[in-house]
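Enquirer: build me a model from this:
(chains A and B)
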Amino acid sequence: MDIRVDTVRKEFARYPALNDVSLDIRSGELIALLGPSGSGKTTLLRLIAGLELPTAGRIYFGDEDASSKTVQERNVGFVFQAYALFRNMTVLDNISFGLSVRPRATRPPKAEIRRRALELLDLVQLSGLEKRFPQQLSGGQRQRVALARALAIEPRVLLLDEPFGALDAQVRKELRKWLREIHDRTGHTTVFVTHDQEEALELADRLVVMSQGKIEQVGTPDEVYDRPNAPFVFSFIGESSSIPVTVENHELWVGGRAIGLPAPHDAAGEAVLFFRPHDVELVEDGAALAGVVVATRRVGGTRRVELEVGGNPNRVEIDLPFDHPAGEKTRIAFRPKRWRVFPKG
Amino acid sequence: MFEPEVVYDSRRVIPPEEHTRPTTERPWVRRTLIATAVVFMALVLVLPLVLVFFEAFRKGAETYFASFSDRNTQTAIALTLTVAAIAVPLNLVFGVAAAWCVAKYEFWGKSFLTTLIDLPFSVSPVVSGMVYVLLFGAQSVLGPILRSWGVEIIFAVPGIVLATIFVTFPFIARELIPLMQDQGNTDEEAALSLGATGWQVFWRVTLPNIKWGLLYGVLLCNARAMGEFGAVSVVSGHIRGKTTTMPLDIEILYNEYNFAAAFAVASLLALLALVTLVFKTVLEFHYGEELAGTRRH
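Expert: Numbering: from 1, shown residues only, chains lettered A, B, ... in the order given. Here you go, the predicted structure:
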């Protein structure tokens, strides 16, 4: 099921949570809404579900205008952040709920509901736990039950709000892989919300990076990581370093020195240079960014050093091999291998 | 000669009584506080309760049971049960509806409504009764109109029921509001997203989530409905055998120096209180975390 979000705006008590957002979600894809808290990602998800109604704009499911349809009519599978399992029902009753509340005409017979619920329980690898109550399950198991319950109604789209938010790191990784498998097997169009970029990069076919009620960039994980199109995206996704620069004579300058990088555009003036700390080369001579080490710390297999460049109060971080002899006050010259320049503002 | 070596052992385990927590008082302070509380409780609560039963049985079990064969007393018991049987279910519905509104929706004037729900707690019961007399009494605008249609409110059963409903209204709503606010909306949203209708959500998700809190509220509401004196006294008119409830009957018997009968009926009310307490304790013991009342009051 294709989903099209068309210039949707949502205001809560006059405060805009979403500002004219448009987005095309393709049938069968696994897409992540990624952003810091307050970016509007959960609001967008709830608007697609019909748990909120837009202040303006339309939402289409395929060719059908779903904007004014209720959540029941939209037939979506929604997995809540805290799972929202019904605590007075067993696991089996939870999964069966969606089918058992259908009007008599479309409700399958009891035995059929039970068979399908057990099948889903098997799909989420919880066979044998059908008589348990939610309180008797671990966080990861509850998450699986919540997913099975959402899948039971054969939804047109699967929506997950911070699906792994409340789980510890180990379980998170396992469930991530497992969700990808389930998605590949069932082929549902799936939208999930997360603030964890690692999760989004690993799991999603495409990312929607959001900030302050707007979409900053939409693209595959590679596109978003390698070609961020905005300062926010560059600093939000992956590690980044930035330094103010001046654009002049088709070159970038820091503190009155050319740093050996050509300006990507002709407009002269103030700008900000972004690069990844690990994506730099050390240089012995020629124009480069040169700075003095002011701090160094070990990050995994590399050493991250903080440099003061050209007496500039802004410090940049770069990664060095962990056996690099640099100590405090060592002078280091480098050039970013890949970088972007955004006009200041 | 062998002398045991005395060594200061830094790993010495400190016995529990020496290891006092900063929030614990010294023993004599603790004992004084506990003793004060126990004596006070005994004087104010236990002694009167024991006295009720003592006075009731003072002239023997025969007199005790004979008190209940009195016609007027029997109608008073029947009236009390009737009033509770009407007031409690109505307040059950009102209470759930009010709590639902306050807990699950945002609307203009919500805090005012919440305050209004507490009004019967803060206003003297006598005033509550007076309000109904002013509304429906012979001197009021509504009273004569209703009377011309053959409807009696004041000095009749409907007035007693109304006054009782008013006085006992907050019990269920107050119990449910914090509970439902705590639980939030997500269970309901989940049920809706799975295709359930509003009624299905209420019966299958909301009601099971609040059932113990609701039962708790109903118990307290019932105890008060049967025991209410002030408001009922104003609107009842004290017509023996017609508009006297148990508390009013007790007062009349007492004023007639019929102590044995007065205390016999009083013992019934006291028994009701005890049964309510036992139920309440059982509920708190088993479903403590599902009762808002045990956490907030």
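Enquirer: A:Ala271 falls within a strand, correct?
Expert: Yes: counting by DSSP: H, G, I helix; E, B strand; the rest coil, A:Ala271 is found in a strand.
Enquirer: tell me the pLDDT of it.
Expert: As summarised for this prediction, A:Ala271 has a pLDDT of 89.
Enquirer: pull the number of nearby residues for it.
Expert: Other residues near A:Ala271 number 21, with proximity taken as other C-beta atoms under 10 Å in any protein chain shown. C-beta coordinates here come from the backbone N, C-alpha and C atoms, glycine included.
Enquirer: compute the distance between it and chain B, please.
Expert: With distances taken as C-beta to the nearest C-beta, to the nearest Å, A:Ala271 is found 45 Å from chain B.
Enquirer: in chain A, where is pLDDT below threshold?
Expert: Along chain A, the model assigns pLDDT under 70 to residues A:266, A:311-312, A:345.
Enquirer: get me the contact residues on it for chain B.
Expert: A:49-51, A:70-72, A:75-78, A:80, A:82, A:84-88, A:97-98, A:101-102, A:149-150, A:152-153 (C-beta under 8 Å from any C-beta of the partner chain).
Enquirer: tell me which of those fall in helices.
Expert: A:49, A:71-72, A:97-98, A:149-150 (DSSP state H).
Enquirer: tell me the two of these that are most distant?
Expert: Pairwise distances among those were taken by C-beta to C-beta; the largest, 16.7 Å, belongs to A:Ala49 and A:Phe97.
Enquirer: which one's more surrounded, the two?
Expert: The residue with more neighbours, out of A:Ala49 and A:Phe97, is A:Phe97; 25 against 22, by other C-beta under 10 Å.
Enquirer: my guess is that one meets A:Asn88, correct?
Expert: No: checked against C-beta atoms under 8 Å, the pair A:Phe97 and A:Asn88 is beyond contact range at 11.3 Å.
Enquirer: for PyMOL, what selects the buried ones among the residues of chain A next to chain B?
Expert: Only the buried entries of those go into this PyMOL selection, using 16 or more other C-beta atoms under 10 Å in any protein chain shown:
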select buried, chain A and resi 49+50+51+71+72+75+76+77+78+80+84+85+86+88+97+98+101+102+149+150+152+153
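Enquirer: how about the strands in the stretch 1-150 of chain A?
Expert: A:3-12, A:15-25, A:30-34, A:56-61, A:64-65, A:76-79 (DSSP state E, counting those that start in this stretch).
Enquirer: which residues touch the third one?
Expert: Strand A:30-34 is contacted from outside by A:25, A:41-42, A:44-45, A:180, A:183, A:190-195, A:197, A:199-200, A:203-210, A:236-237, using C-beta atoms under 8 Å, 6 or more residues apart in numbering or on different chains.
Enquirer: just the buried ones out of those, please.
Expert: In terms of neighbour count (16+ other C-beta under 10 Å), the buried residues within the contacts of strand A:30-34 are A:25, A:41-42, A:44-45, A:180, A:183, A:190-195, A:197, A:199-200, A:203-204, A:206-210, A:236-237.
Enquirer: take those and keep only those in strands.
Expert: Residues of these located in strands (DSSP state E): A:25, A:190-194, A:206-210.
Enquirer: and those as a markdown table, adding distance to B:Phe155?
Expert: Converted to a markdown table, these look like this (distance: C-beta to C-beta, whole Å):
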| residue | distance to B:Phe155 |
| --- | --- |
| A:Ile25 | 70 |
| A:Thr190 | 69 |
| A:Val191 | 66 |
| A:Phe192 | 67 |
| A:Val193 | 64 |
| A:Thr194 | 68 |
| A:Arg206 | 76 |
| A:Leu207 | 75 |
| A:Val208 | 71 |
| A:Val209 | 74 |
| A:Met210 | 68 |
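Enquirer: what is the nearest of those residues to chain B?
Expert: A:Val191 (13.7 Å; C-beta to the nearest C-beta).
Enquirer: ranges for the helices of the stretch 1-150 of chain B?
Expert: For the stretch 1-150 of chain B, applying DSSP state H, counting those that start in this stretch gives helices covering B:27-41, B:47-56, B:60-67, B:71-104, B:110-122, B:125-136, B:142-148.
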